[in-house]
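In: attaching a predicted model along with its sequence, questions to come.
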Amino acid sequence: MSLHVINHPLVQHKLGLMRAEHISTKSFRELTNELGNLLTYEATRDLELEEETITSWSSEKIQVQRLKGKKVTVVPILRAGIGMLDGVLRLVPSAKVSVVGLYRDEETLEPVSYFEKFAGSLDERIGLVIDPMLATGGSMVATLDMLKKHGCTTIKALVLVAAPEGVRKVEEAHPDVEIYTASLDECLNHQGYILPGLGDAGDKIFGTR
Ligand SMILES: O=P(O)(O)OC[C@H]1O[C@H](OP(=O)(O)OP(=O)(O)O)[C@H](O)[C@@H]1O
Ligand SMILES: O=c1cc[nH]c(=O)[nH]1
Ligand SMILES: [Mg+2]
């Protein structure tokens with residue numbers, strides 16, 4: 001597994017804004033989408049290209065580059081992953097969306113699955129799993145298990161903030177999956193929240209706090 005911490009100044013600036021105590025729902029949502037967009041830009045750097053001949057504005061035949069090969073399915077983990085979806089789809093507008101519903105049991109911190117709906121032919125698609133928070137890693141590993149069970153073989157995980165515990169858990173269970181994040185944070189608190197973190201991302205995006 002490789003961990004990509006995106007240290008681009010725009011990414012770090014936007015993440016810093018998201019960490020403020022009294023951020024509004026509107027700002028948190030907007031920044032979640034913007035960071036989803038920027039992480040997608042980084043995570044799609046190695047998509048394959050092929051040459052195509054087209055007729056240009058001056059009626060000449062010219063070679064241009066086109067995306068080749070595997071198409072994408074974006075996989076938001078409900079609820080909070082939905083917050084990144086628009087930003088991701090702005091860069092890969094033709095992608096299919098596969099949805100996984102999981103919540104973390106507050107006592108055990110284990111993921112509880114309540115929904116799944118996958119796009120067809122997952123073996124022919126790159127899966128981009130999106131969730132703002134990678135904490136214990138339980139939700140991400142459960143999602144990766146499900147995707148692989150349905151035939152997806154190439155998967156990347158895009159998270160705004162990752163805890164070392166979650167990165168280790170994904171690395172152990174799915175060493176082939178690359179993680180893209182704006183920050184590798186310090187630790188988890190006793191309730192499993194990331195420090196310094198963002199707080200409860202789902203509640204902030206949906207206004208349910
Ligand atoms: O790495 P983990 O320890 O599994 O924690 C991370 C999960 O917790 C949050 O979801 P939550 O359970 O709060 O659900 P929500 O998105 O519906 O709020 C977050 O969006 C991740 O899915
Ligand atoms: O810090 C955390 C951990 C899990 N889920 C969140 O929304 N935030
Ligand atoms: Mg939540």
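Out: Sure, I can see it. Ligands and ions are numbered 1, 2, ... in the order given.
In: which part of the protein gets nearest to ligand 1, residue-wise?
Out: Using Cβ to the nearest ligand atom, the single residue of the chain nearest to ligand 1 is residue 202, 2.1 Å away. (C-beta placed from N, C-alpha, C; glycine too.)
In: grab the nearest non-local neighbour of residue 192.
Out: Spatial nearest neighbour of residue 192, excluding adjacent residues (Cβ to Cβ, 6 or more residues apart in numbering): residue 109 at 4.5 Å.
In: can you give me the pLDDT of the residue of the chain closest to ligand 1?
Out: On pLDDT, residue 202 comes in at 97.
In: quick check: it touching residue 84?
Out: No. Counting by Cβ atoms under 8 Å, residue 84 is not a contact partner of residue 202; they are 11.8 Å apart.
In: those two: who's more crowded?
Out: Neighbours were counted for residue 202 and for residue 84 using other Cβ atoms under 10 Å; residue 84 has more, 30 against 21.
In: leaving out chain neighbours, which residue sits closest to that one?
Out: Spatial nearest neighbour of residue 84, excluding adjacent residues (Cβ to Cβ, 6+ apart): residue 36 at 3.1 Å.
In: alpha carbons of the helix or strand harbouring residue 179, as CSV, please.
Out: Assigning secondary structure by DSSP states H and E places residue 179 in strand 178-184. Only the C-alpha atoms of strand 178-184 are listed here, as CSV (Å, rounded to 0.1, in the frame of the first residue of the first chain):
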residue,chain,number,x,y,z
GLU,A,178,-3.5,3.3,-2.4
ILE,A,179,-4.8,6.0,0.0
TYR,A,180,-4.9,9.7,-0.9
THR,A,181,-5.4,12.1,1.9
ALA,A,182,-4.9,15.8,2.7
SER,A,183,-3.5,14.9,6.2
LEU,A,184,-2.1,12.1,8.2
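In: just the residues contacting whichever helix or strand comes after it, thanks.
Out: Following strand 178-184 in sequence order, the next helix or strand is strand 187-188 (DSSP H and E). For strand 187-188, the surrounding residues in contact (Cβ atoms under 8 Å, 6 or more residues apart in numbering) are 135, 136, 163, 164, 165, 194, 195.
In: count the residues that sit near the residue nearest to residue 192.
Out: Residue 109: 14 surrounding residues under other Cβ under 10 Å.
In: contacting residues around it?
Out: Neighbouring residues of residue 109 by Cβ under 8 Å, 6+ apart: 135, 136, 138, 192.
In: get me the contact residues on the chain for ligand 1.
Out: Residues of the chain lying close to ligand 1 (Cβ under 6 Å from any ligand atom) are 77-80, 103-104, 109, 111, 131-140, 166, 192, 200-202.
In: could you rerun that using 8 Å?
Out: For the chain, the residues found near ligand 1 under the criterion Cβ under 8 Å from any ligand atom are 77-81, 102-104, 109, 111, 131-140, 142, 163, 166, 169, 188, 192, 200-203, 205-206, 208.
In: for the protein, what are the low-confidence residue spans?
Out: 1 (pLDDT under 70).
In: in it, what residue is nearest ligand 3?
Out: Closest residue of the chain to ligand 3, Cβ to the ion: residue 202 (3.0 Å).
In: what helix or strand does that residue sit in?
Out: With DSSP H and E as the test, residue 202 turns up in helix 201-206.
In: what is that helix packed up against?
Out: Packing partners of helix 201-206 (3 or more Cβ pairs under 8 Å, 6 or more residues apart in numbering; DSSP states H and E): helix 25-43, helix 82-89.
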